Each structure stands twice: as C-alpha cells, then as structure tokens.
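Engineer: Quick one, fold the following:
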Amino acid sequence: MNRRTALKQLGLSSLSLPILSQSPTLFAEANSKVSPKQRLVVMFSPNGTISEEFWPERIGEDFEHKRILKPLEPFHDKMLVLRDLHNKVKGDGDNHMRGMSCLLTGIELFPGNVMGGGNTPSGWPKGISIDREISNFFQSKESTRTRHGALHFGVGVKDTSDPWTRMSYHGPNQPVTPFADPYDAYRRLYGNVREKKKVRSVLDDLKSDFAKVANRLPESDRKLLIEHSKLVDRMENEYANSSSLDNLMVKPPELPEGILNRNDNLPQLSRLQIDLLVNSFINDFARVATLQYTKSVGQAKMNWLDIDDAHHTLSHEPDKNKDAYEKLVRINTWFAEELAYLLKKLESTPEPGQKGSMLDHTLVIWTNELGKGNSHTLDNIPFILIGNGFGFNMGRSMWCENSTHNRLLLSLAHAVGHPLKTFGNPTLCKRGPLDLS
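Structural biologist: Got it, this is the predicted structure:
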C-alpha cells in the first residue's frame with residue numbers, strides 16, 4: 001500500500017493526511033537563501049489632478065517637485081513619475097465609470113443599467129484587476145502565500161456599490177468591497193472568539209491523529225511528526241491566550257473608540273487605515289493592499305483644510321476660477337501628505353528578516369481615475385510609483401510615449417515573476433510591458 005492509503009486505514013482525519021503523507025526530506029535543513037518579499041500597495045484619490053501643479057517639467061533624474069508632489073520630495077530617489085500614460089479602454093459607461101473600474105482591470109465594462117453621465121449606462125468590468133491577479137499569483141505558491149493574500153482599505157468609502165465606487169475585482173462582475181470601517185478591518189485581521197474555538201477544535205483533532213501514529217512511524221519519519229507536533233503546540237498556546245496576539249511580529253495598533261465613517265473624520269480614518277495596512281504587512285497577513293480615498297465623483301468636503309465645497313463639484317470648475325484652482329491644489333496636496341505618512345511608516349520599519357526597510361521591499365502606486373477633472377479626460381492618468389520592491393529604475397520622471405496604461409499593468413505582473421502576455425484588453429497590450437528598468 002502507498003503511504004496515503006495506509007494513513008487512511010489508520011482512521012486519521014483528512015486534516016492530517018496532507019501533513020503526514022509528505023516526504024521526510026522536506027524537513028532537511030534549508031541551505032537556500034530566503035527570497036526577499038515583494039509587496040504592492042495601490043492608493044487611489046479621485047476627480048483628476050491640477051496638471052500645472054503636479055507634473056514635473058523635466059524628464060530624467062533631475063526633476064522638480066511642484067506643489068502637489070512637494071510632500072513626496074524626501075522620497076525623490078525612490079520615485080518614478082510616469083507621464084503620457086493613458087486609459088484607452090472604450091465602450092459602456094462614462095469616463096468616471098471607466099476611469100475607476102477600468103483603472104486596474106484594463107478591460108471594458110459589461111452593458112448594464114447603472115446610469116452614468118450623459119445617458120451612458122454600464123455594468124461591472126469584464127475581468128480581474130491587477131492587484132487581485134498578483135495576489136492570486138502569490139497565493140498560488142507556498143513561499144509567498146499569506147493568510148489574507150490581499151487587503152482592501154477605504155477612507156470615506158460608502159456602502160453604495162457601483163462602477164464609480166470599486167476599483168478592485170476578483171474577476172468579471174466581481175467587485176471587491178474595501179473595509180471602510182477600521183474597526184471592521186481590525187476584526188478581520190485579528191479574529192474573534194468564535195474563530196479561535198474552531199481553530200482549537202482542529203488542533204485537537206490533529207494532536208489525536210499524531211498520537212495514533214507515534215509508535216507506528218519508522219525512525220526516518222519521526223522528524224516529520226516532531227516538527228508538526230511542535231507547530232500544533234505553538235498554535236494551541238497562541239489560541240489559548242485570550243488575545244491570541246502574542247506570536248505576532250508586532251502588536252496591532254491601538255484604535256481609539258467612536259470614530260465613525262463620516263466626512264469630518266476622514267483625516268483620523270486615513271491614519272487608522274494606514275496604520276492597519278502597515279501592521280498587516282509587518283505580520284505578513286498580506287502582500288497586496290489597496291487604499292481607496294472616497295470614490296470617483298467623490299463629494300468629500302475637506303473642512304479640515306478650510307474648504308467647504310464638495311470635491312467633485314470643485315473639480316468641474318474652469319481653470320480660470322482661481323479660487324477653485326487653489327482649493328483643488330490643497331486637496332491633492334493633502335492626499336500627497338497622507339501618502340507621505342504611509343511611506344514614512346514603511347521606510348522607518350525594518351524589513352523582517354532582511355536588510356533595509358519595508359519600503360525597500362514594497363512598491364506603492366498613487367493613481368487617479370481621471371487626468372483632469374473639468375475635462376474628464378482619461379489621458380495622462382497620474383501614476384506615481386514609490387519604493388524599491390519591484391526592482392524598477394527609480395529616482396526619475398519618465399515619458400511613456402503615448403502608451404496605454406495596460407502596459408504598466410503588465411509590467412507589474414512581470415516584476416513579480418508572472419510573465420503574462422496580455423492583461424485586460426489584449427489589443428491595448430501591444431508593445432508589451434513598459435520598460436521600467
């Protein structure tokens with residue numbers, strides 16, 4: 001009989017079979033070096049930018065940081081500013097819809113009954129988003145698999161679900177809802193009593209099975225049993241603790257009580273969500289994350305900036321309206337400041353088990369659904385890449401030569417060792433991935 005059949009005849013649970021049927025050679029001392037982790041964060045802010053105060057004039061390493069990008073100046077050497085990159089996805093929906101829902105999918109929207117501006121209805125995208133594609137690729141390998149794979153955080157994101165409000169997709173017609181409430185995110189990350197009871201029940205079954213075979217295994221296989229018994233003991237001790245958090249690399253951040261998902265709380269919500277995101281990376285809960293501020297057509301009122309106008313309404317004002325112009329610069333600068341807070345946390349956190357900081361192993365992308373709010377253009381979509389996690393040639397501004405943004409999405413997949421030939425609409429992937437080396 002083969003080993004798996006023999007184990008079944010011993011009356012062991014199916015939980016034990018994948019463990020006890022492995023070859024003992026898997027427990028030989030590992031001589032190979034652990035590969036560095038790669039992480040991806042996509043941060044979204046809505047309603048376009050102010051081009052004159054955003055894009056550097058110079059191409060290359062010696063680019064200047066205009067007002068909106070000024071908070072990111074400390075990360076100059078780790079920045080890659082991609083200019084002349086366009087969302088060329090056509091079809092159903094208005095530009096806000098396709099700007100948002102095609103941003104990470106690179107593919108058309110299905111026909112649908114969600115009405116956009118100018119009588120332009122649509123449904124959900126026809127494909128997966130690149131963040132979920134990369135997460136699935138990581139989850140397909142034991143060496144890069146994590147508890148959650150990908151995590152999605154929202155700041156000022158409401159319960160309403162439509163093509164304006166979602167940028168991540170499991171697949172066709174499968175929008176991913178971000179955690180808008182940091183308390184919900186906390187519960188998801190750190191579990192609850194009911195889940196602990198289920199895990200402890202599983203551990204009891206495993207210990208019982210190990211006891212059944214302890215005297216039947218030859219000497220050559222006992223190392224396998226010892227290693228897994230130690231693992232079960234460690235897990236049981238962890239779940240016996242009321243907090244079940246003692247074995248984390250770092251403890252979860254303290255969340256003050258009573259911060260509701262309301263407009264005026266966006267600054268506090270932003271910092272809480274960023275703290276949870278970084279904490280989840282340190283504890284290796286996930287290696288892909290998104291951070292979404294409001295939504296396409298978002299109407300947040302930035303009262304903390306002394307701006308009582310709604311964001312989307314302001315973005316429709318003509319350039320000659322200097323009051324609206326200055327308010328939009330301040331709004332986009334605030335988003336850059338929140339991004340800088342995220343980057344500082346990553347940069348100040350040593351990479352667990354490796355040299356350098358977590359920012360050296362992470363790529364953060366800041367993007368938008370529109371190039372410019374009052375024209376609703378899908379040309380010149382802002383893409384700011386920061387961090388050394390994907391091995392790109394950073395510290396420069398780059399002209400992308402009128403490229404589709406699908407080529408950037410392909411580059412992200414290739415950078416993690418996932419050599420897709422196309423992503424999203426194949427006709428928009430001509431010339432292959434961008435050369436960011």
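
Engineer: got the residue ranges for the strands in the stretch 51-200 of the chain?
Structural biologist: 79-86, 149-155, 169-171, 174-175 (DSSP state E, counting those that start in this stretch).

Engineer: got it, and the stretch 301-437 of the chain?
Structural biologist: Using DSSP E, counting those that start in this stretch, strands in the stretch 301-437 of the chain cover 362-367, 383-386, 396-404.

Engineer: These: which one's closest to Asp92?
Structural biologist: Ranking the strands of the stretch 301-437 of the chain by proximity to Asp92 (Cβ to Cβ) places strand 396-404 first, at 18.4 Å. Every residue, glycine included, has its C-beta placed from N, CA and C.

Engineer: Give me the pLDDT for Asp204.
Structural biologist: pLDDT, Asp204: 72.

Engineer: where does it land in three-state SS?
Structural biologist: helix (DSSP: H, G, I helix; E, B strand; the rest coil).

Engineer: Show the contacting residues for the nearest residue to Gly171 once chain neighbours are set aside.
Structural biologist: Nearest non-adjacent residue to Gly171, counting by Cβ to Cβ, 6 or more residues apart in numbering: Ile128, 4.8 Å away. Taking Cβ atoms under 8 Å, 6 or more residues apart in numbering, we find Ile128 in contact with Thr105, Asn136, Tyr169, His170, Gly171, Pro172, Gln174.

Engineer: burial measure for the fifth one, as a count.
Structural biologist: In other words, Gly171. 15 (other Cβ atoms under 10 Å).

Engineer: State the distance from it to Ile226.
Structural biologist: Applying Cβ to Cβ, to the nearest Å, the value for Gly171 to Ile226 is 42 Å.

Engineer: ok, back up a step: which of the strands of the stretch 51-200 of the chain has the highest mean neighbour count?
Structural biologist: Greatest average neighbour count among those goes to strand 149-155 (a mean of 24), per mean count of other Cβ atoms under 10 Å.

Engineer: tell me which strands and helices it is in contact with?
Structural biologist: For strand 149-155, the packing partners by 3 or more Cβ pairs under 8 Å, 6 or more residues apart in numbering; DSSP states H and E come out as helix 130-139, helix 182-190, helix 266-282, strand 286-293.

Engineer: try 6 Å
Structural biologist: Applying 3 or more Cβ pairs under 6 Å, 6 or more residues apart in numbering; DSSP states H and E, one finds that strand 149-155 makes contact with helix 130-139, helix 266-282, strand 286-293.

Engineer: Quick one, which of the ones you listed gets closest to His148.
Structural biologist: strand 286-293 (4.4 Å).

Engineer: That closest one vs strand 362-367, what angle?
Structural biologist: Relative orientation of strand 286-293 versus strand 362-367 (axes from the mean of the first three to the mean of the last three Cα atoms, to 10 degrees): 20 degrees.

Engineer: Listing partners with orientation, what would you give for strand 286-293?
Structural biologist: strand 39-44 (parallel), strand 149-155 (parallel) (DSSP bridges).

Engineer: Quick one: residues in contact with the last one.
Structural biologist: Just to be clear, that refers to strand 149-155. Identification of contacts with strand 149-155 by Cβ atoms under 6 Å, 6 or more residues apart in numbering yields 135, 139, 168, 176, 178-180, 266, 269-270, 273, 277, 280, 286, 288-293.

Engineer: repeat for the first one
Structural biologist: For strand 39-44, contacts defined as Cβ under 6 Å, 6+ apart pick out 131, 134, 167, 281, 287-292, 339, 362-366, 389.

Engineer: what about the nearest residue to Ala340 once chain neighbours are set aside, distance to Asp284?
Structural biologist: Closest residue to Ala340 apart from its sequence neighbours, by Cβ to Cβ, 6+ apart: Pro71 at 4.4 Å. Shown here: Pro71 relative to Asp284, a distance of 29 Å by Cβ to Cβ.

Engineer: Report the contact partners of Tyr293.
Structural biologist: Ser45, Val155.

Engineer: which residues does it bridge with?
Structural biologist: Val155.

Engineer: Model confidence at it, what's the number?
Structural biologist: 98.
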